[in-house]
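[1] need a 3D model of the following:
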Amino acid sequence: MEIRNGTSVQEFTLEGLPAVQHLGKVLFLLHLLAYLASVTGNSLTITITWADRRLHTPMYFFLSTFSFCECGFITTIIPKLLTIFLSGRQTISFAACFTQAFASLFLGATTFFLMGVMSLDRYLAICKPLYYPTIMNTRTCILLVTACFSLGFLLMVIPVIKLSQLSFCGPNVIPHFFCDLGPLARLSCSESRSIETLFYNVVFFLTFTSFFMTVIAYSNIVVTILRLPSAKERKKAFSTCSSHLIVLSLMYGSCVFIYVKPKRKSRLDTNQEAALVNTVVTPLLNPVIYTLRNKQVHQALKDALSKIAYLIYKYKFLQVQLPFDGDI
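    You can find the predicted model right below:
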């Protein structure tokens, strides 16, 4: 990031969670366990999806990409939060702060676009089953994922670069546990209202676009499901979509609470609670919601564990059967 001559601040101080800072060791342990569980769960989703040919479908391709983004998103935020809890080191360099801000916003935006694409995928699978294999081919899936990453990058890189070029010469304490553009803009000595407006407009566009796609897709899905003649078919169709809807509710709820709600004095404190849901709770629940409710993933996981157990048994058996050096 380019630093202008007017900038005297070389590092920022993350306030963290001052209300519970005295519980640093306990919070460190809880957040560490949540982080490890989240990374393990999402990594397991990616591994199982790519290892089992039965899961080589558009839905699981998008899900594995979503899990990859979630791993990257929490890795940009949680390790620094763990450092604050454990050692109390709250400082972060100017460049590292803006890098963290961009990485978290870029991956977060990409995740929202992916949720919209996953809604479109479910719409085509349920409402247009005959055309689904033709439309959602490998090329289309790759193009959609590439578009999600490209849009996420282009939408977030401009506000971050513009903000990094402003002057920071006064207070350097960020009232948050990670570098977010809103708190950063309020620390600038320059006029930052235009950048704040640009950023919130970008977030609104991102949230509205993804939400609009989801509403349109699921409105058609509900109508199609209600027309199914069999109660068993209706239950199966609703079960397929319920996991996606739970994750959508968590993500949209926390994001709207942080960025779209009206401003007020207590906004920053409330944002920290909503941000914790978005950065800790949601990434932890995503693999649980998607895997525990999915029979195909259950079966793929059982088969993978059976293969691993067989390989371990075979390896031990061969070791027992190996001749001694004196017998050769």
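[2] at the geometric centre of this protein, which residue sits there?
    Glu70 (3.0 Å; CA atoms, centre = their mean).
[3] would you map the helices across the stretch 201-328 of the chain?
    Using DSSP state H, counting those that start in this stretch, the helices assigned to the stretch 201-328 of the chain run over residues 231-255, 267-276, 282-292, 295-321.
[4] likewise the stretch 1-150 of the chain?
    Taking DSSP H, counting those that start in this stretch as the criterion, the stretch 1-150 of the chain contains helices spanning 24-51, 58-87, 94-127, 132-135, 138-164.
[5] got the ones you listed as JSON lines, with distance to Pro171 columns?
    For the C-beta atoms, the positions are set from N, CA and C on the backbone; glycine is no exception. Output for the helices of the stretch 1-150 of the chain, formatted as JSON lines (distance: least, CB to CB, whole Å):
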{"stretch": "helix 24-51", "distance to Pro171": "24"}
{"stretch": "helix 58-87", "distance to Pro171": "18"}
{"stretch": "helix 94-127", "distance to Pro171": "14"}
{"stretch": "helix 132-135", "distance to Pro171": "53"}
{"stretch": "helix 138-164", "distance to Pro171": "16"}
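[6] quick one: Phe178 is in a strand?
    No - if the criterion is DSSP: H, G, I helix; E, B strand; the rest coil, then Phe178 is coil and not within a strand.
[7] what pLDDT does the residue nearest to it when sequence neighbours are not counted get?
    Nearest non-adjacent residue to Phe178, counting by CB to CB, 6 or more residues apart in numbering: Ile77, 4.7 Å away. The model reports Ile77 with a pLDDT of 91.
[8] I'd guessed Ile77 sits against Ala101; true?
    No - with contact defined as CB atoms under 8 Å, Ile77 does not count as touching Ala101 (10.2 Å).
[9] so what sits against both of those two?
    Phe178 (CB atoms under 8 Å, 6 or more residues apart in numbering).
[10] show me what contacts the nearest residue to Leu105 once chain neighbours are set aside?
    Counting by CB to CB, 6+ apart, Leu105 lies nearest to Met156, which is 4.3 Å off, once chain neighbours are set aside. Counting by CB under 8 Å, 6+ apart, Met156 touches 102, 105-106, 109, 202.
[11] of these, which is the most crowded?
    Leu105 (26 neighbours; other CB atoms under 10 Å).
[12] quick one: that residue and Leu181 touch, right?
    Yes - between Leu105 and Leu181 there is a contact at 6.9 Å, judged by CB under 8 Å.
[13] what residues are shared contacts of those two?
    By the contact definition CB under 8 Å, 6+ apart, Leu105 and Leu181 are jointly contacted by Val160.
[14] by mean pLDDT, flag the weakest helix or strand of the protein.
    Least confident element among the helices and strands of the chain, by mean pLDDT, DSSP states H and E: helix 267-276 (a mean of 59).
[15] how does this protein divide into domains?
    11-293, 296-328 (automatic domain parsing).
[16] just say which of those domains is most tucked in.
    domain 11-293 (a mean of 17; mean count of other CB atoms under 10 Å).
[17] end to end, how far does stretch 121-132 reach?
    8 Å (CA to CA, to the nearest Å).
[18] check stretch 47-65 too.
    End-to-end span of stretch 47-65 (CA to CA): 11 Å.
[19] just to be sure, Gly170 is in a strand?
    No - under three-state DSSP, Gly170 falls outside any strand and is assigned coil.
[20] quick one: residues contacting it.
    Contact analysis of Gly170 by CB under 8 Å, 6+ apart lists 9, 187, 189.
[21] from memory the second one sits against Asn172, does it?
    Yes - in terms of CB under 8 Å, Leu187 counts as a neighbour of Asn172; the distance is 6.6 Å.
[22] okay, and the common contacts of those two?
    Common contacts of Leu187 and Asn172 (CB under 8 Å, 6+ apart): 9, 12.
[23] backbone dihedrals for Arg89, please?
    phi -80, psi 100 (degrees, to the nearest 10).
[24] now for the nearest residue to Leu81 once chain neighbours are set aside: which residues touch it?
    Leaving aside its chain neighbours, Leu81 sits nearest to Phe177 (5.2 Å; criterion: CB to CB, 6+ apart). Contacts for Phe177 (CB under 8 Å, 6+ apart) come out as 14-17, 77, 80-81, 84, 272, 275-276.
[25] per-residue confidence at Phe177?
    For Phe177, pLDDT reads 84.
[26] looking at the helices of the stretch 201-328 of the chain, which one has the lowest mean pLDDT?
    Across the helices of the stretch 201-328 of the chain, helix 267-276 gives the lowest mean pLDDT, at a mean of 59.
[27] for Arg227, grab phi and psi.
    Backbone torsions for Arg227, taken as degrees, to the nearest 10, come to phi -90, psi -10.
[28] show me what contacts it?
    With CB under 8 Å, 6+ apart, Arg227 has no contacts at all.
[29] gap between it and Ile221?
    Distance, Arg227 to Ile221, using CB to CB, to the nearest Å: 11 Å.
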